[in-house]
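Q: take a look and give me a structure for this.
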Amino acid sequence: MKKNYQENNKKLVIGHLKNIRISNTKLNFFLKNLRKKSYKECLVFLNKKKNKICLIIWKLLNSIISTAINIFFLDKNKLIISKAIATKSTILKRLSPRAKGKSFLIQKKLSHLFIEIQEI
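A: The predicted model follows:
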């Protein structure tokens with residue numbers, strides 16, 4: 001879902017993905033390299049890394065950029081990433097069998113990803 005806001009003559013486009021099957025700490029490890037950079041630098045950085053995480057971020061970033069350019073008519077040379085946040089979501093709990101009839105709890109963490117693009 002994409003939204004367009006206008007605060008203090010700065011145009012913002014926000015996009016998000018929900019319930020991604022990756023923990024938020026792993027997502028934030030890559031997102032800290034993207035904040036306050038132009039979108040072209042971010043796409044180059046994400047293309048160099050061959051990761052499942054980078055592929056997910058790259059798809060969302062491409063979607064937000066195309067929305068900002070084609071629907072909200074923002075200048076693509078002036079776009080920067082102002083916010084990139086990953087937050088906790090639900091946890092899937094599974095049981096793994098162990099010796100002597102016991103079980104071990106496995107927690108599969110999900111997260112939400114929010115990226116905000118701003119025109120300077």
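Q: how about the helices in the chain?
A: Remark: helices assigned in the chain by DSSP state H are 24-31, 39-48, 52-70.
Q: turn these into a markdown table, including distance to residue 95, mean neighbour count and mean pLDDT.
A: The way it works is simple: take the backbone N, C-alpha and C, and place the C-beta from them, glycine included. As requested, the helices of the chain are exported to a markdown table (distance: least, CB to CB, whole Å; neighbours: other CB atoms under 10 Å; pLDDT from 0 to 100):
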| stretch | distance to residue 95 | mean neighbour count | mean pLDDT |
| --- | --- | --- | --- |
| helix 24-31 | 24 | 17 | 92 |
| helix 39-48 | 36 | 16 | 91 |
| helix 52-70 | 25 | 17 | 93 |
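Q: and those helices: which comes nearest residue 87?
A: Proximity to residue 87 (CB to CB) singles out helix 24-31 among these, at 5.9 Å.
Q: export the helices of the chain to TSV and tack on distance to residue 11?
A: Below are those laid out as TSV (distance: least, CB to CB, whole Å):
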stretch	distance to residue 11
helix 24-31	22
helix 39-48	14
helix 52-70	8
